[in-house]
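> Below: sequence and its predicted model.
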Amino acid sequence: MITARLLGPPELVIHGAPPPPELLWRKHLALLVYLHCASRPLVPRAHLLDLLWGEKPETAARHSLNEALRVIRRAVGDAAVDTAGDQVRLVVAVESDLRQVEAAIRSGEPDHAAALIGGEFLEGFEVPGAAPFADWLSAMRAEWARRGSDLLAGAAERALDRGDAAGAAGLADRAARLDGQNPRAVEVAMRSLALAGDRAGALGHHDRFLGFLGDTGSATPPGITRLADRIRTRPAGPPGPARTAAGSRRAPLVGREPMLGGLLAAWQEAQAGSARLGLISGDSGTGLTRLLEEIVDRCRLDGAAAVVLRAVPADRADAGGGLHALAGGGLLTAPGIAAAPPEALAALVGTHPAWAERFPAAGHTPPAPLRRAVTEILRAASGEAPILLAIDNAHWLDDESTHALLGLLRDLAAHPVFLVLAWSPLPPRPELLDAAARIGRDHGGIHTTLGPLTLSDLERLAAWVQPHYSAEATARLARRIAVDSAGLPLLAVELLHAVAGGLDLDAAAAPWPAPARTLDQTMPGTLPDSVVAAIRLGFRRLSASARQLLMAAAVLEDRVTAPRLRAATGLDAAALAEALDELEWQRWMAAEPRGYTFVARVAREVVARDLVTPGQRRRFQKDAGAA
């Protein structure tokens with residue numbers, strides 16, 4: 001029995017032991033590999049002589065072939081090779097990674113097949129003076145580079161569909177390096193690296209691909225060119241350490257793969273020209289914001305004009321505030337809005353200086369009602385690019401804006417518009433429940449509900465944060481995290497990163513929250529000490545400017561503008577921008593057109609309660625009041 005690794009540097013195991021050195025001589029190994037890979041079981045001696053010993057006289061060549069066959073028999077067994085007549089056949093069973101890949105593909109296990117791709121066929125192996133074998137080796141390398149690259153690219157695409165951008169980036173990088181001219185591999189590498197926050201790495205793959213194409217004279221696929229243009233417009237990601245598991249608080253979407261897949265399927269339908277609704281509901285801490293962010297990132301990379309809002313409790317009483325927020329945010333930059341009717345533009349010109357500056361002539365036109373104006377502007381914009389409207393904390397949106405946004409599904413039914421609302425059941429919003437009930441009947445879309453993570457999910461998260469842990473240690477850590485986090489992803493990720501940062505979890509912990517009570521209803525006083533300690537530890541790992549900014553934001557209003565934060569903290573413009581970027585990268589705060597909010601209310605509560613002194617609170621509020 002021979003076990004052979006041929007994808008990557010060649011390795012052989014004979015009957016469970018290392019092979020004798022003479023079997024690894026170049027032509028002996030070449031003969032063994034060729035007989036294993038030959039498309040026909042019986043190979044003529046004359047063909048083998050020409051393949052490996054064509055430079056020798058026939059008598060010497062035959063002697064060399066016989067000697068190579070003798071070495072194989074001595075290493076593997078007398079019956080390893082059949083040389084009856086003038087044909088040669090390898091009889092011994094060979095378990096090679098080539099055959100394992102093909103078996104995995106036949107059995108419908110493409111990810112297992114991709115995992116077997118260890119590198120180039122016979123990487124680093126050459127046989128000098130055997131030109132026919134060199135030609136065969138080159139053809140085999142090209143074939144397996146193409147097949148291996150496609151398998152790895154497919155695995156990367158599936159990892160991306162699961163929300164694992166970091167895992168996808170690693171697979172796609174291997175795919176692109178195996179076959180630098182594979183556009184599928186290059187595109188998924190660019191996409192996954194961009195989603196992981198590595199803009200430079202994504203564009204590096206694009207530049208290398210252009211170099212390969214330049215050498216061959218091929219044209220660049222337009223899809224890759226457009227993707228590169230979109231990536232260039234994205235903000236630069238966090239520093240390298242912040243993108244690793246230990247440094248990043250943006251965890252993979254463990255346990256949320258079916259939800260992500262359903263939402264992405266709805267997005268594909270919207271792109272095809274049918275307005276769709278995506279509803280993401282769940283209690284605080286279940287990962288609503290994280291899943292919404294993933295959808296926004298995917299849609300933007302697909303070329304969507306994205307308008308993203310995050311509502312706060314004060315918005316509930318601001319009639320029409322959500323619609324005005326659309327105008328004050330990304331809607332102004334959407335392509336195609338100039339084609340909207342003048343009366344629609346006039347409705348926003350009168351209340352938004354940026355719109356008045358871009359469309360001064362519209363100021364002389366009687367304005368349309370706000371709801372109709374926004375509809376007509378979105379209709380015009382969707383003629384140029386698909387539109388994504390993403391609203392986080394939609395349960396705090398005012399009634400007028402909520403009804404108007406849901407009405408878009410009817411008014412723009414045949415347009416590429418995707419409306420995604422992330423909301424919690426408290427406070428109750430009957431209109432959102434009604435919209436969910438009408439999916440599939442009155443409009444297309446999907447409603448997905450997020451709940452706590454399972455123990456298996458927590459083990460996967462623990463393995464992501466602590467990859468050096470043994471399986472037993474990972475399972476033990478996951479069980480403890482399950483107790484302290486109640487399976488809420490927000491708290492689980494916080495705790496796991498705190499453990500990676502040195503937090504020693506207590507041996508005993510009482511299950512929580514109390515029966516029939518949500519995270520919001522237990523904050524902040526009844527949180528487990530380990531959760532509070534984790535948040536404090538994460539806070540201490542921030543820079544001094546970021547900590548100061550976070551303390552100020554915690555004691556000011558739910559949504560606070562950059563000028564007010566600057567007034568409250570006294571930071572100069574450069575330090576303020578750097579600190580805000582850090583807080584966004586580390587997922588403490590989220591930015592939207594109207595200001596900054598805490599990603600997690602629990603973090604704000606702990607910072608405000610435990611990390612700000614009464615004197616600091618008064619100073620922040622006093623200094624911010626002057627802004």
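That came in fine, so what should we check first?
> Contacts only, for the closest residue to Val607 other than its chain neighbours.
By the measure of Cβ to Cβ, 6 or more residues apart in numbering, the closest residue to Val607 outside its immediate chain neighbours is Ala554, 4.2 Å from it. Heads up, the C-betas are built off the backbone N, CA and C, glycines and all. Under the criterion of Cβ atoms under 8 Å, 6 or more residues apart in numbering, the contact partners of Ala554 comprise Phe598, Arg604, Val607, Ala608, Leu611, Val612.
> residues in contact with Pro20?
Ile14, Val71, Arg74, Ala75.
> Check Arg410 too.
For Arg410, the residues meeting the contact criterion (Cβ under 8 Å, 6+ apart) are Asp442, His443.
> What helix or strand is it located in?
Arg410 belongs to helix 399-411 when elements are defined using DSSP states H and E.
> Quick one: mean pLDDT over that helix.
pLDDT averaged over helix 399-411 equals 95, rounded to a whole number.
> Would you mark the buried spots in it?
Buried positions in helix 399-411, judged by neighbour count with 16 or more other Cβ atoms under 10 Å: Glu400, Ser401, Thr402, Ala404, Leu405, Leu406, Leu408, Leu409, Asp411.
> now do stretch 561-571
For stretch 561-571, a neighbour-count test (16+ other Cβ under 10 Å) marks Ala562, Arg564, Leu565, Arg566, Ala567, Ala568, Thr569, Leu571 as buried.
> Same question for stretch 55-66.
Buried positions in stretch 55-66, judged by neighbour count with 16+ other Cβ under 10 Å: Ala61, Arg62, Ser64, Leu65.
> Can you pull the phi/psi pair for Asp82?
Listed backbone geometry of Asp82 is phi -100, psi 120, with angles given as degrees, to the nearest 10.
> who are the neighbours in contact with it?
When contacts are counted by Cβ under 8 Å, 6+ apart, Asp82 is found next to Val88, Arg89, Leu90, Val91.
> Name the member of the residues you listed with the shortest distance to Gly167.
Leu90 (37.8 Å; Cβ to Cβ).
> my read: that closest one touches Cys37, true?
No. Under the contact definition of Cβ atoms under 8 Å, Leu90 does not touch Cys37, with a separation of 9.8 Å.
> Neighbour count: these two, which is higher?
Under the criterion of other Cβ atoms under 10 Å, the comparison of Leu90 against Cys37 puts Leu90 first, with 23 against 18.
> so what's that one bridging to?
Val81 (DSSP bridges).
> what's the most distant pair in the buried residues of stretch 561-571?
Going by Cβ to Cβ, the two entries of those that are most distant from one another are Arg564 and Leu571, at 11.9 Å.
> Centroid-nearest residue for the protein?
Ala165 (2.7 Å; Cα atoms, centre = their mean).
> check contacts around it.
Ala159, Ser192, Leu193, Leu195, Ala196, Pro252.
> Would you mind measuring from it to Ala159?
Between Ala165 and Ala159 the distance is 8 Å, computed by Cβ to Cβ, to the nearest Å.
> Is it correct that Asn446 falls within a helix?
Not quite, residue 446 is Ile, not Asn. No. The assignment for Ile446, made by DSSP: H, G, I helix; E, B strand; the rest coil, is strand rather than a helix.
> what's across from it in the sheet?
With DSSP bridges as the criterion, the beta-bridge partners of Ile446 are Gly278.
> Skipping its backbone neighbours, what lies nearest Ala533 in space?
Closest to Ala533 by Cβ to Cβ, 6+ apart is Leu503, at 5.9 Å.
> dump the residue contacts of the one you found.
Leu495, Ser530, Ala533, Ala534, Leu537.
> Angles on the backbone of the second one, please.
I take that to be Ser530. The main-chain torsion angles of Ser530 are listed as degrees, to the nearest 10 and equal phi -60, psi -40.
> Can you get me a residue count around it?
Neighbour count for Ser530, taken as other Cβ under 10 Å: 23.
> Next, work out how far apart it and Val483 are.
Counting by Cβ to Cβ, the gap from Ser530 to Val483 is 9 Å.
> repeat for the first one
As for Leu495, its distance to Val483 is 10 Å (criterion: Cβ to Cβ).
> more neighbours, the two?
More neighbours sit around Leu495 than around the other of Leu495 and Val483, counting by other Cβ under 10 Å; the figures are 29 against 16.
> what's the closest non-adjacent residue to the more buried one?
Residue nearest to Leu495 in three dimensions, not counting chain neighbours: Ala534, with 4.9 Å by Cβ to Cβ, 6+ apart.
> quick one: the one you found and Ile481, what's the gap?
Applying Cβ to Cβ, the value for Ala534 to Ile481 is 10 Å.
> same question, Leu23
Taking Cβ to Cβ, one finds Leu23 at 51 Å from Ile481.
> ok, those two, which is more surrounded?
Here Leu23 and Ile481 are set side by side on neighbour count (other Cβ under 10 Å), and the busier one is Ile481, at 27 against 20.
> State the phi and psi torsions of that one.
Main-chain torsions, Ile481, degrees, to the nearest 10: phi -60, psi -40.
> OK, contacts around it?
With contacts defined as Cβ under 8 Å, 6+ apart, the neighbours of Ile481 are Leu458, Leu461, Ala462, Ala492, Leu495, Leu496.
> List the contacts of Val607.
When contacts are counted by Cβ under 8 Å, 6+ apart, Val607 touches Ile535, Phe539, Leu550, Met551, Ala554.
> so which strand or helix has it?
helix 601-610.
> burial count for Pro353?
The burial count assigned to Pro353 is 9, neighbours taken as other Cβ under 10 Å.
> Please report how far it lies from Val308.
21 Å.
> Would you mind giving both backbone torsions of Val420?
phi -120, psi 120.
> Thought Leu388 was touching it, still the case?
Yes. With contacts defined as Cβ under 8 Å, Val420 counts as touching Leu388 at a distance of 7.0 Å.
> shared neighbours of the two, anything?
Between them, Val420 and Leu388 share the contacting residues Ile295, judged by Cβ under 8 Å, 6+ apart.
> Dihedrals phi and psi, Glu95?
In terms of degrees, to the nearest 10, the main-chain angles of Glu95 are phi -100, psi 100.
> Excluding chain neighbours, what is closest to it?
The shortest distance from Glu95 to any residue other than its chain neighbours is 4.9 Å, reached at Thr3 (Cβ to Cβ, 6+ apart).
> Please apply the same query to Phe125.
Nearest non-adjacent residue to Phe125, counting by Cβ to Cβ, 6+ apart: Pro10, 5.6 Å away.
> Return the distance of that neighbour relative to Ile2.
If you measure Pro10 against Ile2 using Cβ to Cβ, the figure is 12 Å.
> Can you get me a residue count around the residue nearest to Leu495?
Here the neighbour count serves as a burial measure; for Ala534 (other Cβ under 10 Å) it reads 27.
> swap in Pro428?
A count of neighbours around Pro428, defined by other Cβ under 10 Å, yields 9.
> where in the protein is pLDDT low?
Counting by pLDDT under 70, the chain shows low-confidence ranges at 236-249, 329, 506-526, 626-627.
> and it, what are its domains?
When the chain is parsed with automatic domain parsing, its domains come out as 2-115, 131-232, 258-450, 455-537, 542-625.
> and the gap between Leu116 and Gly167?
Using Cβ to Cβ, one obtains 17 Å as the distance from Leu116 to Gly167.
> whoops, Asp97 was the one
With distances defined as Cβ to Cβ, the gap from Asp97 to Gly167 amounts to 21 Å.
> rewinding a little: give the contact list for the residue nearest to Phe125.
Taking Cβ under 8 Å, 6+ apart as the criterion, Pro10 is in contact with Ala4, Leu29, Val33, Leu122, Glu123, Phe125.
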